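Asks: Make a model of this:
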Amino acid sequence: MFQDAGLPFPTAGWTWQDMENDAKALTKGAGTPTGVYGLSVSADLSRWGAFLIADGGSVLNQSGTQAVFNNQAGVDSLNFYTGFVTTAHSGVMPTTVGASWNGDAFGKQRVAMCVEGGWLIPYLAESYPNVQYGIAPLPVAPTGKTADLNYTNAWAAYSGTKYPDAAWELVKYMTGSTVQLSQLNDGFALPTLKSLANAPYFSQNPGFKVLEDEAQNSYADYYGPQDQAIHTYVANAIQAVLLGKATVQNALNQAAQEVDNQLQGG
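Replies: Take a look at the predicted model:
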């Protein structure tokens, strides 16, 4: 699609404006049963959050006691994120094109770009093996900053276990280089060990290396004990904006109030 539109492939350093321009150029037949859109946009904090952080915002304050995503950085970044759908009409929600999620819309070739992680690689290989694609970092915000969200996997041991030594040996093994390398080779997860930063898998799969390199710009997509509720309230706000049921500022204010109530046990 990029080649047909005469566009260069996105690379490190491309900007929000570049993304907007590309999405517009890649949109063909918007609103028709076979139309193709520039970008798949989902109502998800785990997608918009990267743009929020890149624009200088955050979800909670430093103490984790109050929502702050409804400040100017939040408004500006959500205007950008939802604007593909609401104003430019160069983006689309996956369900609008009969897809269950961003990756499905991408695999069906109803969108030219989507914001997803490494799990999309094995998904496409299995479900849409004929789709040709590349992987690029997220674009640079007007602040000059880029950001990514980190999802984590973890092992833990019960503090009251009768076998602490055995439990510790298991945790060490499951988080060690042997298991992490096997997970990397399966395309399941990026390694947390610096010793695996130059594993052969990365040279064989340069797109995955892009994800590894961007880890330096990543932030944990986790907001404490109320994480699930926070994600739900913000997702509802994004959905309201995408559906034209609320302005960005009003939707974020409502979500911030709900999050604050949740954090305060209300």
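Asks: Might you list the low-confidence residue ranges for the stretch 151-266 of the chain?
Replies: For the stretch 151-266 of the chain, residues meeting the criterion pLDDT under 70 lie at 266.
Asks: 80 instead, please
Replies: 187-188, 266 (pLDDT under 80).
Asks: Can you show me the strands along it?
Replies: For the stretch 151-266 of the chain, strands defined by DSSP state E, counting those that start in this stretch occupy the ranges 218-220.
Asks: All the helices of it, residue numbers only.
Replies: Per DSSP state H, counting those that start in this stretch, the stretch 151-266 of the chain carries helices over the ranges 164-174, 177-185, 200-204, 206-213, 227-242, 248-263.
Asks: could these be laid out in JSON lines, adding distance to P94?
Replies: (Glycine included, C-beta is placed from N, CA and C.) Conversion of these to JSON lines gives the following (distance: least, Cβ to Cβ, whole Å):
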{"stretch": "helix 164-174", "distance to P94": "34"}
{"stretch": "helix 177-185", "distance to P94": "27"}
{"stretch": "helix 200-204", "distance to P94": "29"}
{"stretch": "helix 206-213", "distance to P94": "21"}
{"stretch": "helix 227-242", "distance to P94": "11"}
{"stretch": "helix 248-263", "distance to P94": "20"}
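Asks: out of these, nearest to L124?
Replies: helix 206-213 (10.7 Å; Cβ to Cβ).
Asks: packing partners for the closest one?
Replies: On a contact count with 3 or more Cβ pairs under 8 Å, 6 or more residues apart in numbering; DSSP states H and E, helix 206-213 meets helix 200-204.
Asks: Farthest out from the centre of this structure, which residue is that? Tell me.
Replies: The C-alpha centroid of the chain is most remote from K162, which lies 40.2 Å away (Cα atoms, centre = their mean).
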